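K.L.:
Here is the input, now give the coordinates:
(chains A, B, C and D)
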Number of protein chains: 2
Amino acid sequence: MKEPVITPALRQAMQAVMVQVEGRVDSSKCPIRDVMDHIGDKWSSLLMVALGTRPHRFGELKRAVPDISQRMLTQTLRDLQRDGLVSRHVFPTQPPSVEYRLTPLGESMMPPLMGLMKWAADHHAQIREARSDFAEAQAELA
Amino acid sequence: MKEPVITPALRQAMQAVMVQVEGRVDSSKCPIRDVMDHIGDKWSSLLMVALGTRPHRFGELKRAVPDISQRMLTQTLRDLQRDGLVSRHVFPTQPPSVEYRLTPLGESMMPPLMGLMKWAADHHAQIREARSDFAEAQAELA
DNA sequence: CAGCATCCAGTCCGATACTG
DNA sequence: CAGTATCGGACTGGATGCTG
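P.N.:
Presented below is the predicted three-dimensional model:
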């Protein structure tokens, strides 16, 4: 006996999302897309997780996410700050130091975000396998 | 009395993610980024939700997500199929009809994905407010 | 240390036209 | 109906050099 993965409540939630999507020609008017577009960019979610563990200074973040460029780090942090997910604190030391940390709003995002990341980690092997199967199937056609 | 949002277990999970990120100069070697990059693209998550409610045919999907172009619908579906999240079934009718549905792997992704979407819907107002506050603060500096 | 300004390559993605 | 093919613009994001 297996429980269905898609429960009635879950299906209802998905239908509610699709109602939001329909007719919102302007994507900025759709809450889902407005938020998901940001989560989707290359670095946001990674920086959120880094800051979720503890506050970081600019240089610490750069080391925590080794292959982010300075430009993208600056820009992504500004976007996160703009959306109220991250706060920026300047300490008047010499040389200056700046600390970034999650706001309460940002913290509230971590449980669902980590839920998705856990899924990613748990199913990564299956996805890789599916990809190689797919590549094989394609090769057979040739 | 408020429970902390970031529980010790959650913090530990985040630290585990960051360990995965560090040192993986090649992003395809990092499970988190490999999966998140796909979720992040403009249409994947939306199509997953649409298919989560029930199987859809190509044209139905196009109507369910009104402003996706045919090109992006085709391409995104192929990517989802490649990753084993969606399966494609051709019925030899005339004219041909093709049905897309979630695979079990795809279904397993829906609970965490919907968790994040629920967060987005619940906090969209707060984010919009943060943005207008930020814009005001910027305007004041000028 | 913590950024900003500039330049440039690659990619994303929409519009359009065409096919089995 | 369910795609494929091609073009071109917009945007993303990396590299580099400079500033307080």
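K.L.:
the bottom helix or strand of chain A by mean pLDDT?
P.N.:
Evaluated with mean pLDDT, DSSP states H and E, the helix-and-strand set of chain A has its lowest mean pLDDT in helix A:31-39, which scores a mean of 84.
K.L.:
Alongside DNA strand D, which residues does chain A contribute?
P.N.:
When proximity is defined as Cβ under 7 Å from any atom of the strand, chain A approaches DNA strand D at A:41-43, A:67-72, A:95-96. All C-beta spots, glycine's among them, are computed from the backbone N, C-alpha and C.
K.L.:
For the least confident helix or strand of chain A, enumerate the helices and strands it packs against.
P.N.:
Contacting helix A:31-39 under the criterion 3 or more Cβ pairs under 8 Å, 6 or more residues apart in numbering or on different chains; DSSP states H and E are the following elements: helix A:8-21, helix B:44-53, helix B:104-141.
K.L.:
Now look at it and say if it contacts DNA strand C.
P.N.:
No: in terms of Cβ under 7 Å from any atom of the strand, no part of helix A:31-39 sits within range of DNA strand C; the closest distance is 8.8 Å.
K.L.:
got the angle for that helix vs helix B:44-53?
P.N.:
Comparing the axes of helix A:31-39 and helix B:44-53 via axes from the mean of the first three to the mean of the last three Cα atoms, to 10 degrees yields an angle of 140 degrees.
K.L.:
Residue A:80 and residue A:44 touch, don't they?
P.N.:
Yes: here residue A:80 lies in contact with residue A:44, judged by Cβ atoms under 8 Å, at a distance of 6.4 Å.
K.L.:
Give me the domain ranges for chain A.
P.N.:
For chain A, whose domains are defined here by the TED database, the residue ranges read A:1-32, A:41-141.
K.L.:
least reliable of these going by mean pLDDT?
P.N.:
Looking at the domains of chain A, the lowest mean pLDDT belongs to domain A:1-32 (a mean of 84).
K.L.:
Now that one: buried residues?
P.N.:
Buried residues in domain A:1-32, counted by 16 or more other Cβ atoms under 10 Å in any protein chain shown: A:6, A:10-11, A:13-14, A:16-18, A:20-21, A:24, A:30-32.
K.L.:
same thing with stretch A:98-118?
P.N.:
A:100, A:102-103, A:105-117.
K.L.:
which ones are touching the residue nearest the centre of chain A?
P.N.:
With the centre of chain A defined as its mean C-alpha position, the nearest residue by Cα atoms, centre = their mean is residue A:45, 3.1 Å away. Residues near residue A:45 by Cβ atoms under 8 Å, 6 or more residues apart in numbering or on different chains: A:39, A:113, A:117, B:36, B:40.
K.L.:
count of residues packed around the fourth one?
P.N.:
Taking other Cβ atoms under 10 Å in any protein chain shown as the criterion, the count of residues near residue B:36 is 21.
K.L.:
Distance of it relative to DNA strand C?
P.N.:
Distance check for residue B:36 against DNA strand C: by Cβ to the nearest atom of the strand, to the nearest Å, it reads 13 Å.
K.L.:
again, but for the first one
P.N.:
Separation of residue A:39 from DNA strand C (Cβ to the nearest atom of the strand): 13 Å.
K.L.:
what does residue A:121 give?
P.N.:
Going from residue A:121 to DNA strand C by Cβ to the nearest atom of the strand gives 22 Å.
K.L.:
from memory that residue sits against residue B:32, does it?
P.N.:
Yes: with the criterion set as Cβ under 8 Å, residue A:121 and residue B:32 qualify as a contacting pair; they are 6.4 Å apart.
K.L.:
With that, I have no additional questions.
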